[in-house]
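Peer 1: just coords:
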């Protein structure tokens, strides 16, 4: 399991373990803040470095070491 804290996710770098196409390296480009204040962060937006395509995922998915590696490997 990757050790990740939601407050330190913004602009963090990630490598997909099983890349699709040429999208291997990603950057957390935005934190999707909850509507109600005081609620926990659930979603982040990650952007592929190669294609600049972005997608929204739950930040806890980044903790799965079978799918993501922290940093650009």
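Peer 2: Here it is on my side, so go on. Everything numeric in this text was worked out from a predicted model, so none of it was measured.
Peer 1: for the rest of this, base every contact and every neighbour count on C-alpha atoms.
Peer 2: Will do.
Peer 1: which residues of the chain fall in strands?
Peer 2: Remark: strands assigned in the chain by DSSP state E are 13-20, 23-32, 43-48, 54-58, 68-70.
Peer 1: those: which one's closest to residue 4?
Peer 2: For the strands of the chain, the distance to residue 4 is smallest for strand 68-70, at 9.0 Å, taking C-alpha to C-alpha.
Peer 1: which elements pack onto that closest one?
Peer 2: The elements that strand 68-70 packs onto, with contact taken as 3 or more C-alpha pairs under 8 Å, 6 or more residues apart in numbering; DSSP states H and E, are strand 13-20.
Peer 1: just the buried residues of the strand it packs on, please?
Peer 2: 13, 14, 15, 16 (16 or more other C-alpha atoms under 10 Å).
Peer 1: then stretch 26-39?
Peer 2: 26, 27, 28, 29, 30, 31.
Peer 1: circling back to that earlier point, any chance of the buried residues of strand 13-20 in TSV with distance to residue 39 and pLDDT as columns?
Peer 2: Shown next, in TSV, are the buried residues of strand 13-20 (distance: C-alpha to C-alpha, whole Å; pLDDT from 0 to 100):
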residue	distance to residue 39	pLDDT
13	25	97
14	25	97
15	28	97
16	28	97
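Peer 1: where does the protein dip in pLDDT?
Peer 2: Residues of the chain meeting the criterion pLDDT under 70: none.
Peer 1: hmm, 90 instead?
Peer 2: Counting by pLDDT under 90, the chain shows low-confidence ranges at 1-7, 22, 34-38, 73.
Peer 1: just give me the neighbour total for residue 21.
Peer 2: 7 (other C-alpha atoms under 10 Å).
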